[in-house]
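Engineer: any chance you can model this:
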Amino acid sequence: MSGARRATVTAMAPSPSRVYADALRVEIMRNEQQRMRVVALILCLVLVVTTTMTYAFPNLSQRLYRGGIPHWLPIATVAPYIVYEFLALGAIRWRQARGRDFPWYGRLFNAAIETSFPGTIVCVLCQGQEPQLVFAAWPTALYFIYILLSTLRLDFWLSLWTGVVAAIQQMALAVWFLPLAVLAERVNETFDYHVARSLVLLGAGVVAGVVARSLRRQFDNSVATAEARDRVTNLFGQHVSPAVVDRLLGTSTDLPSEIRRVCVLFLDIRGFTAQTRVRAAPETVALLNDFFAEMVEIVDRHHGIVNKFLGDGFLALFGAPFDDPSAAEDAVDSGLAMLAAIDRWNAARPSQVLRVGIGIQSATR
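Structural biologist: Below is the predicted model of the structure:
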């Protein structure tokens, strides 16, 4: 091996790949389906509880609702939302099967419809109960469940939109059903009280959006880091020391290409092709894996990287991608350590004795 050896180092800014973007889109749609299943389950539980109470406990129904809860009212109130959830779930599955995303306007519409369910419950209950009691009871708390589930969309704006819809609805219903005033005998009949409740819902939407954005960024950063490591591995060889990867990732992303003096080490197992004729394929693969694992560890320990595996041998570089004045010494030390390791190998495995050839070439300019 002769002549100068050049190692070119090019650092590129990591960015999520198209493959990752598609995979994330699919995962978000799966999360959306899971969220809709949870919503449908909650609606079914509400329907079962209210229907059971209507039929099994008529006296309780009479006390809670003026004139009693009509048998048809729970179905008429809750069932349309359940049907909607299953239709929307079917639409998402249909689009996913054809590789299509859920459009943005569809997400906004879906969030607005779903978040209207607590408002519908409030409207129905206010027909047979004191509105002040309704607004202090469980229906308005359902808004927080929808806001919490919106984080599964991993979209700040959709979570914020859910909070906005909930806040506007809560305030509009309070204005419609309650005799609100700036000053009132009851605190829950003042504008300030219900404005504060609406602001809490809006704040919950903001918090949910921040959490969703944080989760999205964590996914993006994790994949970007993994891709950066893969680029380093593909650029500098089939095996790169974790320490080298960490140093490369810790450097500036706009480094220019460099021409650098390096030292090259080549290792080849002598007569290995003939040995494969008398060994089964699984035994041959296991032998190579064990042997190369030990040799690569030696290269790593001496600040080198394996640039290429060549069947029964490999090519290692010293002095790249970072400048190393002792690259030649590291290569020689690595070769001597390999010879010592091979002697130990042959002593421990008499049935798998190996002979190797090691060549070292340093660039001269």
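Engineer: give me phi/psi at the nearest residue in space to Q275 that is not next to it in sequence?
Structural biologist: Once flanking residues are discounted, Q275 sits nearest to T284: 7.8 Å by CB to CB, 6 or more residues apart in numbering. In this view, the C-beta of every residue, glycine as well, is placed from N, C-alpha and C. Main-chain dihedrals, T284, degrees, to the nearest 10: phi -60, psi -40.
Engineer: R66: how many residues sit nearby?
Structural biologist: 11 (other CB atoms under 10 Å).
Engineer: for it, which three-state class applies?
Structural biologist: Secondary structure, DSSP: H, G, I helix; E, B strand; the rest coil: R66 is coil.
Engineer: correct me if wrong: it contacts G128.
Structural biologist: Yes: taking CB atoms under 8 Å as the definition, R66 is a contact partner of G128 at 4.4 Å.
Engineer: could you pull out the helices for the stretch 1-150 of the chain?
Structural biologist: 18-56, 58-64, 73-97, 104-115, 117-125, 131-136, 142-149 (DSSP state H, counting those that start in this stretch).
Engineer: so where is this structure shaky, pLDDT-wise?
Structural biologist: 1-21, 184, 223-258, 321-322, 363-365 (pLDDT under 70).
Engineer: that one - how does it break down into domains?
Structural biologist: 18-228, 243-362 (automatic domain parsing).
Engineer: list the contacts for A316?
Structural biologist: 237, 264-267, 299, 304-307, 331, 334 (CB atoms under 8 Å, 6 or more residues apart in numbering).
Engineer: grab the nearest non-local neighbour of G203.
Structural biologist: G163 (7.4 Å).
Engineer: hmm, back to that, could you save the helices of the stretch 1-150 of the chain as a markdown table and add columns showing distance to I358?
Structural biologist: Formatted as a markdown table, the helices of the stretch 1-150 of the chain follow (distance: least, CB to CB, whole Å):
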| stretch | distance to I358 |
| --- | --- |
| helix 18-56 | 39 |
| helix 58-64 | 88 |
| helix 73-97 | 55 |
| helix 104-115 | 61 |
| helix 117-125 | 73 |
| helix 131-136 | 82 |
| helix 142-149 | 62 |
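Engineer: quick one: closest of the ones you listed to L158.
Structural biologist: Taking CB to CB, helix 104-115 is the member of the helices of the stretch 1-150 of the chain nearest to L158, at 5.7 Å.
Engineer: show me what that closest one is packed up against.
Structural biologist: In terms of contacts (3 or more CB pairs under 8 Å, 6 or more residues apart in numbering; DSSP states H and E), helix 104-115 is packed against helix 73-97, helix 142-149, helix 156-177.
Engineer: distance to A347 and mean neighbour count added to those helices, as CSV?
Structural biologist: Putting those into CSV (distance: least, CB to CB, whole Å; neighbours: other CB atoms under 10 Å) gives the following:
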stretch, distance to A347, mean neighbour count
helix 73-97, 59, 16
helix 142-149, 64, 21
helix 156-177, 63, 21
